[in-house]
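> Here you go, sequence then predicted model.
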Amino acid sequence: MTRYATIIGTGRYIPENEITNAIFAEWMGEHSEKLAEVVGKFENSSGIRTRFYAPDDWATSDLAAEAAKAAMADAGVKPEEIDLVIVGTDSPDYITPATSVVVQHKIGAVNAGTWDVGCACASFPTALAQAAGMMAVNANLKYVLVIGAYMMHKLADVKNDVTAFFYGDGAGAAVLGVSDKPGYISTSIKADGSYHKHWGIYSGGTYEPATVESVEAGRTKVKLVTPFPPTVNHEGWPARVRECAANGGFDIQDIDHIIFTQVNVKSIGIVMEDLGLPVEKAHYVMDKWGYMGSACLPVAFDDAIKLGKIKSGMRVVFCGSGVGYNQAATAFIMP
């Protein structure tokens with residue numbers, strides 16, 4: 001039979017320590033009243049009202065493991081039945097080894113292979129496409145666990161850098177099984193590496209190994225160096241969705257729901273208008289959990305399912321863009 005990947009379970013994990021915009025504004029206000037006012041402007045433009053931080057002794061793999069356990073429970077799949085673990089993150093536990101192998105150990109997926117995807121917010125739709133491709137041609141792959149996890153606040157100067165406003169911790173996961181009907185439909189991907197110096201962590205890798213000087217100068221922390229033009233998402237997201245639809249042989253109007261990167265609620269509205277779709281078909285969660293990078297798509301997806309917005313038979317598109325930049329859109333039909 002033709003083998004299609006299908007989503008059979010989802011889960012998420014949000015830590016308990018809430019950092020409201022009021023708290024964040026207090027931190028910024030210790031430096032200047034102007035910075036505190038920027039928090040209000042960010043809230044109005046993005047829709048982000050709060051975020052949650054993991055405990056100080058946690059790593060990204062801990063968030064990922066909790067989301068994975070929730071997704072496996074939802075799917076009715078045991079850890080030892082998982083054949084492959086893919087983790088999308090740009091806040092890894094270590095430079096090396098991969099975070100996915102740490103997650104594999106923590107959840108007890110003793111029979112699974114692993115790898116990481118480092119496309120920031122585009123990681124989850126990219127990883128879904130990778131998993132679907134592997135499952136289509138490898139008969140030994142029965143269950144694949146795809147996770148998006150994010151703990152950027154630990155790599156940011158949260159009490160001094162106002163752009164840390166955007167970073168919330170969390171993880172979301174999906175278990176993919178095999179079906180004789182879609183499931184997975186299609187994918188569109190694009191990158192533009194000319195933006196690679198706009199936003200990132202620029203010391204600590206081989207470009208500039210960490211030194212006392214680079215640590216003290218803050219170069220081992222995540223920094224927004226140059227803002228991305230709004231057109232990156234406002235034009236890029238519709239392009240990815242349209243190409244994904246063309247690749248999958250379906251019309252835009254056939255889309256029942258789209259899950260976007262959860263960084264700006266106004267951007268979602270602009271893109272949905274461009275696509276000619278009602279904004280109600282794009283669930284968002286940045287207002288209650290903040291921007292969670294690689295985790296925001298699977299977290300929003302799980303939330304939409306739990307709220308009954310996404311149901312069996314619906315065609316769902318995941319569209320994400322991340323620093324670098326990378327963009328990806330992947331379409332599935334829900335079983």
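Yep, that arrived.

> Which residues does stretch 87-103 contact?
Contact with stretch 87-103 is made by 59-61, 64-65, 68, 85-86, 109, 114-120, 123-124, 126-127, 146-152, 154-155, 204-205, 293-295, 322-323, as judged by CB atoms under 8 Å, 6 or more residues apart in numbering. (C-beta placed from N, C-alpha, C; glycine too.)

> any idea how the protein splits into domains?
Listed domain ranges for the chain are 4-181, 185-333 (source: automatic domain parsing).

> mind giving me CSV with these and columns for mean neighbour count?
What follows is the domains of the chain, written out as CSV (neighbours: other CB atoms under 10 Å):
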stretch, mean neighbour count
domain 4-181, 21
domain 185-333, 19
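
> Rebuild the ones you listed as a markdown table, extending it with mean pLDDT.
Converted to a markdown table, these look like this (pLDDT from 0 to 100):
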| stretch | mean pLDDT |
| --- | --- |
| domain 4-181 | 97 |
| domain 185-333 | 97 |
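
> what ranges do the helices span in this protein?
With DSSP state H applied, the chain shows helices at 21-29, 33-46, 60-75, 99-107, 123-137, 212-216, 231-234, 236-248, 265-275, 286-289, 296-306, listed in chain order.

> Tell me what angle the longest one forms with helix 296-306.
So that's helix 60-75. Relative orientation of helix 60-75 with respect to helix 296-306: 30 degrees, computed using axes from the mean of the first three to the mean of the last three CA atoms, to 10 degrees.

> who touches helix 60-75?
Residues from elsewhere that reach helix 60-75 (CB under 8 Å, 6+ apart): 8-13, 15, 54, 78-79, 82, 85, 87, 89, 91-93, 99, 102-103, 106-107, 143, 145, 147, 149-151, 169-175, 177, 295, 298, 302.

> and stretch 107-116, C-alpha only, in PDB?
The C-alpha coordinates for stretch 107-116 follow below in PDB (Å, rounded to 0.1, in the frame of the first residue of the first chain):
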ATOM      1  CA  ILE A 107      11.300   9.800  27.500                       C
ATOM      2  CA  GLY A 108      12.600   6.200  27.200                       C
ATOM      3  CA  ALA A 109      12.200   5.900  23.400                       C
ATOM      4  CA  VAL A 110      14.900   3.300  23.500                       C
ATOM      5  CA  ASN A 111      14.200   2.000  19.900                       C
ATOM      6  CA  ALA A 112      14.200   5.400  18.200                       C
ATOM      7  CA  GLY A 113      16.600   7.200  16.000                       C
ATOM      8  CA  THR A 114      16.900  11.000  16.400                       C
ATOM      9  CA  TRP A 115      17.900  14.200  14.800                       C
ATOM     10  CA  ASP A 116      17.400  18.000  15.300                       C
END
